[in-house]
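Undergrad: Need coordinates for the below:
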Amino acid sequence: MALPGSTPGLFPSLPKPATSASVRSPGPTAERFSHLWLCIYLPGLALEALDENADAATVVVDGEGSHCRVHVANKAAYHHGIRAGAKLNAAYALCPELKVCQRDLLRERERLQKLAVWATRFTPWVQVEQPAALLLEVRGSLHLFAGATGLSNKIRAKLAAMQHRQHLAMAPTPLAALWLARSGRGLLLQQAQQLPGQLGKLPLYCLGWPDKIVASLKGMGVYNVRDCLRLPRDGFARRFGKQYLQQLDRALGRMPDPRPAFVAPARFRKTLEMPAETADTQLLLLATEKLLKKLSAYLVRRQAGVQNIALRLVHDEQSPTVIRIGLLEQSQDTQRLLSLARLKLDSLELTAPVISLQLLSGKVSTLAGHERQLFDCQPGSAADHSALLENLRARLGVSAVFGIAGVADHRPESAWQRVEKIDKKMEKMGTDHGFLKENRGLSPFFPFFGLSPFLSRPLWLLAQPQRLQVLAGKPQYDGPLVYESGPERIETGWWDSNDIVRDYYVLRAAGGLRLWAYRERRAPGNWYLHGFFG
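TA: Predicted structure coming up:
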């Protein structure tokens with residue numbers, strides 16, 4: 001309470017000590033049941049992530065030494081009596097020819113993330129529940145798939161085609177859906193009133209609580225969720241921790257359970273192990289094609305494109321060989337990338353055999369929609385020009401094929417710069433016949449220099465001006481030059497100690513060759529050739 005005469009809220013009340021009221025069961029609200037969650041539980045993910053689908057008895061183990069236990073067993077190992085949690089020595093006793101794989105958490109996370117991206121085709125709200133489950137908010141998607149049964153059947157069929165063993169369950173709260181999916185009962189609950197009865201039947205292992213807590217509860221005669229709910233709330237919170245009591249409340253919808261939506265990675269990354277080390281570029285090209293197909297599916301799902309990719313050829317005893325491939329613009333056309341990869345691999349000289357191939361994309365961006373003509377009557381489309389430039393870069397290198405961009409500088413030698421990206425204005429000038437006809441006679445570089453289009457500029461500018469011979473005060477170039485136009489005075493650059501004071505002229509040689517030359521005003525008798533007109 002506030003002191004007399006003080007501002008309310010300036011002296012807030014101290015918190016009251018925790019009592020049984022602090023763990024009192026909160027009541028459910030309608031807002032907490034506005035969502036509907038479908039859980040995909042993948043009990044065999046650890047085995048499936050390793051791509052171990054052999055008919056032989058196989059297990060994935062976790063831990064080392066005496067703590068090494070079976071994490072998951074395939075069907076053949078299960079028929080030998082091997083179960084999850086069994087010690088490795090006991091598993092060998094049941095099946096001496098048992099194949100053992102070490103658990104790979106990184107590959108499990110990658111596979112689960114890949115499945116999360118795949119699941120976004122059913123709903124935009126997907127949440128990854130480590131280590132082996134996905135939660136999909138599907139309330140708004142049911143009418144698109146003929147209801148809950150139609151949606152779950154479609155997901156089951158797709159996962160079975162990908163050789164994933166799965167358990168599905170649906171509930172109004174995400175935690176309830178997860179627990180029901182772990183039970184393997186396949187329940188599809190859509191009403192909140194069903195939660196207490198159905199969750200109450202679940203054994204404690206479905207909750208994913210630590211073994212120590214489960215053992216303590218069983219020692220008290222508590223074997224399922226219903227037994228947990230019968231315990232005094234304050235005593236349960238004191239003995240086992242308030243977080244487990246809150247989990248029960250969230251599962252029943254008594255407490256909110258916000259879930260962050262899965263955000264797909266901004267870059268694509270995929271590795272393909274070679275069956276055997278190889279230096280055959282044709283085999284590497286086939287592997288690249290497989291990776292690009294996966295990239296294509298990824299881009300189509302996201303309605304996105306990439307402009308750059310990198311291929312990492314991994315060797316056994318030396319640093320990887322990196323091949324960089326770039327397009328002129330964002331695209332999801334992986335056939336273009338494949339053709340460029342072929343050019344790169346054909347000219348590649350490997351110093352060591354390759355054991356694996358990794359594809360890494362550049363930034364993945366949403367593709368902007370654009371209109372296309374129904375009939376393309378132009379002899380050469382912009383796509384043809386882009387493909388030509390991309391092929392040239394793949395053969396000659398990026399530094400040999402470049403674009404031109406303007407610089408805010410009146411000095412001709414400083415008014416342009418090389419850029420890796422080809423300027424759209426340059427492409428339009430080269431491909432748009434109407435543009436060329438409309439601007440016939442104008443300097444082709446006027447969009448870049450920022451000058452008037454009626455100022456003459458040559459296509460060929462010399463890297464260094466060449467001094468001209470002068471006879472009787474007239475500049476010479478295979479004979480006397482004839483004045484055509486000028487002068488155009490350029491006097492600038494005082495701020496960087498490279499100032500110029502020049503008068504430029506368009507001159508014509510005896511053979512009709514047109515030149516762009518200037519007279520140095522600081523030394524009026526000196527003439528210099530700076531460029532040639534086409």
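
Undergrad: Mind telling me what element the nearest residue to residue 259 once chain neighbours are set aside is part of?
TA: Excluding the flanking residues, the one nearest residue 259 by Cβ to Cβ, 6 or more residues apart in numbering is residue 127, at 4.6 Å. Bear in mind the C-beta positions are built from the backbone N, C-alpha and C, glycine included. Assigned by DSSP states H and E, residue 127 falls within strand 126-129.

Undergrad: what's the burial count for the residue nearest to residue 259?
TA: If you count neighbours by other Cβ atoms under 10 Å, residue 127 ends up with 18.

Undergrad: Over to the one 4 residues further on?
TA: The burial metric for residue 131, expressed as a neighbour count using other Cβ under 10 Å, is 15.

Undergrad: now swap in residue 334 and tell me
TA: 24.

Undergrad: same for the strand holding residue 127, what does it pack against?
TA: Counting by 3 or more Cβ pairs under 8 Å, 6 or more residues apart in numbering; DSSP states H and E, the packing neighbours recorded for strand 126-129 are helix 105-119, strand 133-137, helix 174-183.

Undergrad: Of the ones you listed, which is nearest residue 393?
TA: Nearest to residue 393, of all the helices and strands packed on strand 126-129, is helix 105-119, at 30.7 Å by Cβ to Cβ.

Undergrad: check which helix or strand covers the closest residue to residue 50 other than its chain neighbours.
TA: Distances taken as Cβ to Cβ, 6+ apart put residue 101 closest to residue 50, at 5.5 Å, once the chain neighbours are dropped. Here residue 101 sits within strand 99-102, counting by DSSP H and E.

Undergrad: Strand partners (parallel or antiparallel) of that strand?
TA: Within its sheet, and counting by DSSP bridges, strand 99-102 is paired with strand 58-62 (parallel).

Undergrad: Okay, angle between the strand it pairs with and helix 105-119 too, please.
TA: Here strand 58-62 runs at an angle of 110 degrees relative to helix 105-119 (axes from the mean of the first three to the mean of the last three Cα atoms, to 10 degrees).

Undergrad: following strand 58-62, which helix or strand comes up?
TA: Past strand 58-62, the next helix or strand by DSSP H and E is strand 69-73.

Undergrad: and that following strand, what other elements does it pack with?
TA: helix 45-48, strand 58-62, helix 88-94.

Undergrad: Quick check: buried residues in the longest one?
TA: The reference is to helix 88-94. Residues 88, 91 are the ones in helix 88-94 that count as buried (16 or more other Cβ atoms under 10 Å).

Undergrad: got a list of contacts for it?
TA: 59, 61, 68, 69, 70, 73, 77, 80, 81, 82, 98, 100 (Cβ atoms under 8 Å, 6 or more residues apart in numbering).

Undergrad: Let me have the residues you listed in CSV, extended by distance to residue 118.
TA: Below are these laid out as CSV (distance: Cβ to Cβ, whole Å):
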residue, distance to residue 118
59, 27
61, 28
68, 33
69, 31
70, 28
73, 26
77, 28
80, 33
81, 34
82, 30
98, 32
100, 30
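
Undergrad: Out of those residues, which comes closest to residue 133?
TA: Checking the contacts of helix 88-94 against residue 133 by Cβ to Cβ gives residue 73 as the nearest, at 19.2 Å.

Undergrad: The closest one and residue 531, how far apart?
TA: 78 Å (Cβ to Cβ, to the nearest Å).

Undergrad: So which of these two has more stuff around it?
TA: residue 73 (25 against 20).
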